[in-house]
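Student: Provide a 3D model corresponding to the input given below.
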Amino acid sequence: MTAEQSLRFWDITTRPPAEKTCCAPNPWKARLALNFKAVRYGTTWTPMTDITRVRTSLAVPPVRKFADGSDFHTLPLLYDPATGDYVGDSFDIAVYLQKHYPNEGAGDLFPPQPTAALDFTVPPDAEILIPLTEARPGDFQDYAQFNVHVDAAFTLHVQLAMDGFPFDPATEEASKAVFTGRAGVRAWEDLLLTSEARVRTLASFERMLGGLAVLYRRDESGPFLLGTRACFADCIVGGWLRMMAATLPGNEWEALRSWHDGTFGRLHDALDAFSAVK
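Tutor: Below you'll find the model as predicted:
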């Protein structure tokens, strides 16, 4: 692939330098997949307030809806000049990369999993603040379902990340308004946790990640679900861990790293091999 054929990748602008502070989990899932595949790409940084304009100007439809049926425009977004295709969802980007660049980089993003290897679920009645990407009909359904439930587990506890979110000062107030609108609350302060609520939420988060950690302990040879071999399921969890690493107070991040015998600290560190921001 020549420089002129580099893929174009859209991520959300955060506090400068965005290359050091970017932390949106879905763009991180896609970035880990792009680096896994070792394809040439460059990032276009997009203010949160411009996401709807960018997607609509490129005629890339949203893949999520709010409860009232209105469109939920978000990133990441990928353009491949070799095919002229735009792909507008992190899971779809990974599937696209596997189909169009099957042998590049570290190889198969979606290797077959042992029976029940991705069986992690969140109760269906859990109250989640923002719409999640659904598992649409298509390839790799076990991975797609895993994506839905990992998103739910982390989103249920995403208020832990609000205090430390690295907003770009140029658009901070407008971006906070976007967040509050998505969550259906009146003010930014409604998303912040009191000290007691924070303790309870951390405890809930640790319990919920216990079910995920069980999957990682099935193969004790390495930090990934398949032992020493990474796959997109690891990128799904890793994208969320990148957000938590960037937003949690240091002591809370170190605690999360240590939960469940250090499962998530090891995974986060092992995915550094695919974490370059380009």
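
Student: which residues sit in contact with the closest residue to Pro111 other than its chain neighbours?
Tutor: Residue nearest to Pro111 in three dimensions, not counting chain neighbours: Cys231, with 5.5 Å by C-beta to C-beta, 6 or more residues apart in numbering. In short, each C-beta sits where N, CA and C put it, glycine included. Each residue near Cys231 by C-beta atoms under 8 Å, 6 or more residues apart in numbering is listed here: Asp108, Leu109, Phe110, Pro111, Gln113, Phe224, Leu225.

Student: how many neighbours does the first one have?
Tutor: What it means is Asp108. Residues near Asp108, counting by other C-beta atoms under 10 Å, number 13.

Student: Is it in contact with Leu97, as I believe?
Tutor: No. In this structure, Asp108 is not within contact of Leu97 by C-beta atoms under 8 Å, at 10.7 Å.

Student: Need the three-state assignment for Gly265.
Tutor: Following DSSP: H, G, I helix; E, B strand; the rest coil, Gly265 is assigned to helix.

Student: secondary structure element for the nearest residue to it once chain neighbours are set aside?
Tutor: Of all residues not flanking Gly265 in the chain, Arg257 sits nearest, at 3.1 Å (C-beta to C-beta, 6+ apart). For Arg257, the element it lies in under DSSP states H and E is helix 250-270.

Student: residues near Gly238, how many?
Tutor: Neighbours around Gly238, by other C-beta under 10 Å: 26.

Student: ok, now Thr247?
Tutor: Quick note: Thr247 (other C-beta under 10 Å) scores 19 neighbours.

Student: same check, this time on Leu256
Tutor: That count, for Leu256 with other C-beta under 10 Å as the rule, works out to 21.

Student: Please shift the residue numbers so they start at 5 in all later answers.
Tutor: Yes, from this point I'll number from 5; that puts the last item at Leu260.

Student: one step back: buried sites along the helix holding Arg261?
Tutor: Glu256, Trp257, Leu260, Arg261, Trp263, His264, Thr267, Phe268, Gly269, Leu271, His272, Ala274 (16 or more other C-beta atoms under 10 Å).

Student: and of those, the nearest to Pro106?
Tutor: Checking the buried residues of helix 254-274 against Pro106 by C-beta to C-beta gives Ala274 as the nearest, at 22.9 Å.

Student: and the residue lying closest to the closest one once chain neighbours are set aside, what pLDDT?
Tutor: Using C-beta to C-beta, 6+ apart and skipping residues adjacent in sequence, the residue nearest Ala274 is Pro227, 4.1 Å away. Predicted confidence (pLDDT) for Pro227: 98.

Student: how close does Pro227 get to Ala37?
Tutor: 17 Å (C-beta to C-beta, to the nearest Å).

Student: got it, and Ala259?
Tutor: 28 Å.

Student: returning to that earlier point: now tabulate the contacts of Cys235 in JSON lines and tack on distance to Phe169 and secondary structure.
Tutor: Output for the contacts of Cys235, formatted as JSON lines (distance: C-beta to C-beta, whole Å; DSSP: H, G, I helix; E, B strand; the rest coil):
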{"residue": "Asp112", "distance to Phe169": "34", "secondary structure": "coil"}
{"residue": "Leu113", "distance to Phe169": "29", "secondary structure": "coil"}
{"residue": "Phe114", "distance to Phe169": "31", "secondary structure": "coil"}
{"residue": "Pro115", "distance to Phe169": "34", "secondary structure": "coil"}
{"residue": "Gln117", "distance to Phe169": "33", "secondary structure": "coil"}
{"residue": "Phe228", "distance to Phe169": "28", "secondary structure": "strand"}
{"residue": "Leu229", "distance to Phe169": "28", "secondary structure": "coil"}
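
Student: Drop anything exposed from those residues.
Tutor: Leu113, Phe114, Gln117, Phe228, Leu229.

Student: so who does the last one touch?
Tutor: This points to Leu229. So, once contact is read as C-beta under 8 Å, 6+ apart, Leu229 ends up touching Gln117, Ala121, Leu122, Leu219, Tyr220, Arg222, Asp223, Cys235, Ala237, Asp238.

Student: List only buried entries from the residues you listed.
Tutor: Gln117, Ala121, Leu122, Leu219, Tyr220, Asp223, Cys235, Ala237, Asp238.
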